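Engineer: give me the fold of what follows.
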Amino acid sequence: MTHLLAIAGAEWRYWMRSRLALAGAVLLVGLLVATTVLTALRMQGEAAERAHHQAEAEAAFLSQPARHPHRMVHYGHYVFRTPAPLAQFDPGLDPVTGQSIFLEGHRQNTAMFAAAGASADLGAFSWLSPAMVYQLLAPLLVILLGHGLITREREAATLATLLAQGTSGRVLLAGKALALLSFVLLLLVPLAISAALAVRAGEQGPAAWALFGAYLLYLVIWSGLVLLASALLRRRSAVLASLATLWVALTLVLPALAASWASNAVPVAGKIETDLAMWSDLRQLGDGYNASDPAFAQLRADLLARHGVQRVEDLPVNLRGVVAQVSEQRLTETLNRYARAQMAAQTRQAAVLAGHGWFTPLLAVAEASRAVAGTDLAHHHRFLQEAEVLRYAFVQGLNKVHAEKLAYIDDVRRSSDALAQQRTRVDATTWRLLERFRFEPDASGTRIARAGSQWLMLGVWCVLLIVAGSWAGARLQP
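Structural biologist: Predicted coordinates:
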């Protein structure tokens, strides 16, 4: 162990004397700190803004004057998704998926208000999150510092001396690896601080530690690649060129090819195509505004028979309200069928993309990072699903008021009779059925387990590189 520490210490002394290595380290650490602070401030601002807008939307909805229940169905209500605490490190899909949904009857609106405004503030750096810095730029610094670990000794003719003095190749590689891994841990300090701030903001501890562990494994993989290249190639220029090419392939080319492959392997229907097919099905459900529509003839006949009356005016419920309830139920079932199909296709496409983590660790760590941070596709889908549950509950609650509290005769005459119109209005106490909407990320255990295949990919990468490093150390020659 003393020998390993001596080798690692010697490497650190060389790095401290190297202005290029020191400058690169300071530059990247500064960039990490800057992006961490800027992203944290931006996400905290967005969280406060969304919470404010959510409170405003709830207050505006509940403060409406007496109205017809169906007017409130179309008045609608906004719900907002507040960012998860770890989103300050990895915003994931949040900036592009939209964080607000307008809930109204007869429609499932898509999420909107994606954070495009940040581009005006930060220009091309608006998407540069701490996660992206670790995924794309941190490996470059590891390459810069580590590409000469062994080749420098070989070029300086000190490798032969070390081996002749009894230092085995494996021990030498282990000492160099210890130096590089200690630098990786230093590089992860900003992430540790960000995770601690997230825990203080309400994040669960295991999720924060899991995020730290994912990036530790990722940078360990790059350290292994750098050490292996330095051991196998004889010149630093060749090592640097090979590692630079590998960085381009693993972080830029392969992820782009994987995304293209996933899009072709699992095509997802576009919005226009989906909407045309969906509206074709919806037209067959009948007009929920017309209680005399043939699509509701059987419903009308069943109601009359059940209550033993001959006219709809004699029913103890408002036929128009009952038709609205049934129409919304049928319509929602159709909308949900299309929504589930769309989500399933997106999930399959994302799974195909994530499977390419076997070929590039960037995709593995990126997927694990989003899953643990609560900013992945699964959380976006759950936000849509929970918003839809709330939408359907509040629309059907108002339809129930329409059916049970409004007289059919008044409902028919309300456009021509001022008194009937007044009697068909209900006050705000009848629509306080709308519950406060607060979206929370999954439990930390669920998020960590969701990234199970990514943990396996990163682990396999590490094991293979350790085995390859041991093999290269055993055959290390001057």
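Engineer: beyond the helix or strand bottoming out on mean pLDDT in the chain, next helix or strand please.
Structural biologist: Of all regular secondary-structure elements in the chain, judged by mean pLDDT, DSSP states H and E, the least confident is helix 118-122 with a mean of 39. Sequence-wise, the next helix or strand beyond helix 118-122 is helix 130-132, with elements assigned using DSSP states H and E.
Engineer: average pLDDT across the helix or strand following that next one?
Structural biologist: The first helix or strand that comes after helix 130-132 along the chain, using DSSP H and E, is helix 138-146. Per-residue confidence for helix 138-146 averages out to 90 on the pLDDT scale.
Engineer: right, and the helix or strand after helix 138-146?
Structural biologist: Counting by DSSP H and E, the element that comes right after helix 138-146 along the chain is helix 151-155.
Engineer: elements contacting that next one?
Structural biologist: The contact analysis (3 or more Cβ pairs under 8 Å, 6 or more residues apart in numbering; DSSP states H and E) places helix 151-155 against helix 236-248. Heads up, the C-betas are built off the backbone N, CA and C, glycines and all.
Engineer: can you give me the angle the helix it packs on makes with helix 138-146?
Structural biologist: In terms of direction (axes from the mean of the first three to the mean of the last three Cα atoms, to 10 degrees), helix 236-248 departs from helix 138-146 by 170 degrees.
Engineer: show me what counts as buried in the helix or strand following helix 236-248.
Structural biologist: Along the chain past helix 236-248, the next helix or strand (assigned with DSSP H and E) turns out to be helix 254-265. By neighbour count on 16 or more other Cβ atoms under 10 Å, the buried set for helix 254-265 is 254-255, 258, 262.
Engineer: which positions in the helix or strand following helix 254-265 come out as buried?
Structural biologist: Of the helices and strands lying after helix 254-265 in sequence (DSSP H and E), the nearest is helix 271-282. Buried positions in helix 271-282, judged by neighbour count with 16+ other Cβ under 10 Å: 274, 278, 282.
Engineer: including distance to A156 and pLDDT, could these go into a markdown table?
Structural biologist: Compiled in a markdown table, these are given as follows (distance: Cβ to Cβ, whole Å; pLDDT from 0 to 100):
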| residue | distance to A156 | pLDDT |
| --- | --- | --- |
| T274 | 64 | 77 |
| M278 | 70 | 78 |
| L282 | 76 | 77 |
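Engineer: of those, which is the nearest to A451?
Structural biologist: Proximity of those to A451 (Cβ to Cβ) peaks at T274, which lies at 29.3 Å.
Engineer: looks like the closest one contacts A339 (just checking).
Structural biologist: No. At 9.4 Å, T274 and A339 do not qualify as touching, with contact defined as Cβ atoms under 8 Å.
Engineer: neighbours of the closest residue to L246 other than its chain neighbours, how many?
Structural biologist: If you skip the residues right next to it in sequence, L246 has L225 as its closest partner in space, 6.6 Å away by Cβ to Cβ, 6 or more residues apart in numbering. Other residues within reach of L225 by the criterion other Cβ atoms under 10 Å amount to 24.
Engineer: my guess is L225 contacts L243. True?
Structural biologist: Yes. Under the criterion of Cβ under 8 Å, L225 makes contact with L243 at 7.1 Å.
Engineer: related to what we said a few turns ago, ok, so of the buried residues of helix 271-282, who is nearest F383?
Structural biologist: Using Cβ to Cβ, the shortest approach to F383 within those belongs to T274, at 19.1 Å.
Engineer: ok, that closest one - contacts?
Structural biologist: 338, 342 (Cβ atoms under 8 Å, 6 or more residues apart in numbering).
Engineer: roughly how far does it sit from L335?
Structural biologist: 11 Å (Cβ to Cβ, to the nearest Å).
Engineer: please apply the same query to G166.
Structural biologist: According to Cβ to Cβ, G166 and L335 sit 74 Å apart.
Engineer: so between those two, which is more surrounded?
Structural biologist: Under the neighbour definition other Cβ under 10 Å, G166 and L335 were set side by side, and L335 has more, 20 against 8.
Engineer: what sits against that one?
Structural biologist: L335 sits next to 107-108, 278 when contact means Cβ under 8 Å, 6+ apart.
Engineer: can you do 10 Å?
Structural biologist: 106-108, 278, 281-282, 328, 388, 391-392 (Cβ atoms under 10 Å, 6 or more residues apart in numbering).
Engineer: which two of those residues have the greatest separation?
Structural biologist: D281 and R391 (19.1 Å).
Engineer: tell me the contacts of L172?
Structural biologist: By Cβ under 10 Å, 6+ apart, L172 lies in contact with 3-4, 7, 149-150, 153, 159, 162-163, 231, 473, 476.
Engineer: so which of the residues you listed are in helices?
Structural biologist: By the criterion of DSSP state H, membership of the contacts of L172 in helices covers 3-4, 7, 153, 159, 162-163, 231, 473.
Engineer: among the residues you listed, who's most crowded?
Structural biologist: Going by other Cβ under 10 Å, A231 tops these with 24 neighbours.
Engineer: pLDDT score for it?
Structural biologist: In this prediction, A231 carries a pLDDT score of 89.
Engineer: low-confidence ranges in this protein?
Structural biologist: Low-confidence segments of the chain, defined by pLDDT under 70, are located at 1, 20-21, 112-127, 431-436, 478.
Engineer: pull the longest helix from it.
Structural biologist: Assigned via DSSP H, the chain shows its longest helix as helix 19-62.
Engineer: ok, then the element right after it?
Structural biologist: As assigned by DSSP H and E, the chain's next helix or strand after helix 19-62 is helix 69-75.
Engineer: alright, calling it a day.
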